[in-house]
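# Predicted model follows, preceded by the sequence.
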Amino acid sequence: MRKKKPALTFWHYTIFILMGIFFYVWQQGFVVNLGYQIHSAEEKYKELLMENQQLHTQLVALQNVSAIRQRIREFQLPLIEPKEWNIYYLYLGVAEQ
């Protein structure tokens, strides 16, 4: 005679339901955590973008010829403009053959 398989009992169903609830809660917590990480990354991106804009503005100001001349006068540096024959140009390209 065949053994009868035991039917799923109340405890089996309870365990399945609890596992489903735990999985759902874990998934929701994971999604919320990802949301916080995304928000944090967006804030960091905004800060870096603002810093990049400030540094670009500083770079433009420092490369301005009149600003350089003003700083030379301000700090009384003994610098003079080079003569045309004293300027060397570097060409960074493929040499012609």
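Now that the structure is in, tell me what you want to look at.

# so how many other residues sit close to I72?
14 (other CB atoms under 10 Å). Bear in mind the C-beta positions are built from the backbone N, C-alpha and C, glycine included.

# Oops, could you answer that again for Q63 instead?
Residue crowding around Q63 was assessed by other CB under 10 Å; the count is 9.

# pLDDT value on it, please?
Reading off the per-residue confidence, Q63 sits at a pLDDT of 86.

# do G35 as well
At G35 the predicted local distance difference test score is 97.

# how far away is it from I68?
Using CB to CB, to the nearest Å, one gets 48 Å for the distance from G35 to I68.

# got it, and E47?
From E47 over to I68 the distance is 30 Å, taken as CB to CB.

# cool, and F16?
Looking at F16 against I68, where the rule is CB to CB, the gap reads 76 Å.

# One more: Q37?
Counting by CB to CB, the separation of Q37 from I68 is 44 Å.

# Torsion angles phi and psi at the residue positioned nearest the centre of the chain?
With distances taken as CA atoms, centre = their mean, Y45 lies nearest the centre of the chain, 5.1 Å away. Backbone geometry at Y45, expressed as degrees, to the nearest 10, gives phi -60, psi -40.

# so how far does stretch 66-81 reach from one end to the other?
One end of stretch 66-81 to the other measures 13 Å (CA to CA, to the nearest Å).

# from the chain's centre, how far out does it sit?
Distance of stretch 66-81 from its chain centroid, counting by CA atoms, centre = their mean, to the nearest Å, is 38 Å.

# Show me what that stretch is in contact with.
Contacts with stretch 66-81, where a contact means CB atoms under 8 Å, 6 or more residues apart in numbering, come from A61, L62.
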